[in-house]
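In: structural data only, the sequence is not supplied:
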């Protein structure tokens, strides 16, 4: 499932607006110890973004690569832009950028994900952030995570993921290194309590 699924959200899945938290048994390098924000889920599949993995490049680097600025160190960029995080959103379309952001910014291409969060995947929002005119809260993600029909449900039933209601603060928080533990804490769980074995008490 891809971005087009967000434009047609007539069918809502039970994982819409949820966090997926990887169980210890998830060894896939893309998803080990990951927290994923699910933007769309239906019988057709699911799509979302990993929110706790930094890219090894900065927002000014991205702007320079896209030729949105000639010199990212010229003083043109706002302080917020210099400190704006760039995350690895997932293994699909890793060369494409997506901005999850608060709903106080909107352009023609913005897609509502929830009542408070929108997704924009055009250069307009990057220019606005560079100039300090963007949304109050946002994060840039390169790539996304996608699942085919029934795939995500199967992974959950095989003890691959825990899920809980998403918290906006955690999505936009810059303290990426502790998001995994804090997402588990929403459920009252610590990493030490998790088992790699599926089963019932």
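Out: Received it, and whenever you're ready, just let me know what you need. The structure displayed is predicted, hence computed values, not measured ones. Numbers count the residues shown, from 1 in each chain.
In: do you know how far residue 147 is from residue 51?
Out: For residue 147, the distance to residue 51 equals 17 Å [C-beta to C-beta, to the nearest Å]. Glycine gets a C-beta too; all of them are placed from N, C-alpha and C.
In: ignore what I typed, I meant residue 122.
Out: Distance from residue 122 to residue 51, by C-beta to C-beta: 21 Å.
In: again, but for residue 182
Out: Residue 182 is 11 Å from residue 51, by C-beta to C-beta.
In: neighbour count winner among the two?
Out: residue 51 (26 against 15; other C-beta atoms under 10 Å).
In: got a list of what the more buried one touches?
Out: By C-beta atoms under 8 Å, 6 or more residues apart in numbering, residue 51 lies in contact with 35, 36, 37, 87, 139, 141, 170, 171, 176, 179.
In: kindly report the same for residue 103.
Out: Contacts for residue 103 (C-beta under 8 Å, 6+ apart) come out as 112, 115, 116, 117, 118, 135.
In: give me the buried subset of those residues.
Out: Burial by neighbour count, 16 or more other C-beta atoms under 10 Å: within the contacts of residue 103 this picks out 117, 118, 135.
In: the last one and residue 174, how far apart?
Out: What that stands for is residue 135. Residue 135 is 15 Å from residue 174, by C-beta to C-beta.
In: hmm, back to that, for residue 182 and residue 51, list the residues in contact with both.
Out: Counting by C-beta under 8 Å, 6+ apart, the residues touching both residue 182 and residue 51 are residue 170.
In: look up phi and psi at the spatially closest residue to residue 83 that is not a sequence neighbour.
Out: Leaving aside its chain neighbours, residue 83 sits nearest to residue 174 (7.5 Å; criterion: C-beta to C-beta, 6 or more residues apart in numbering). Taking degrees, to the nearest 10, you get phi -80, psi -10 for the backbone angles of residue 174.
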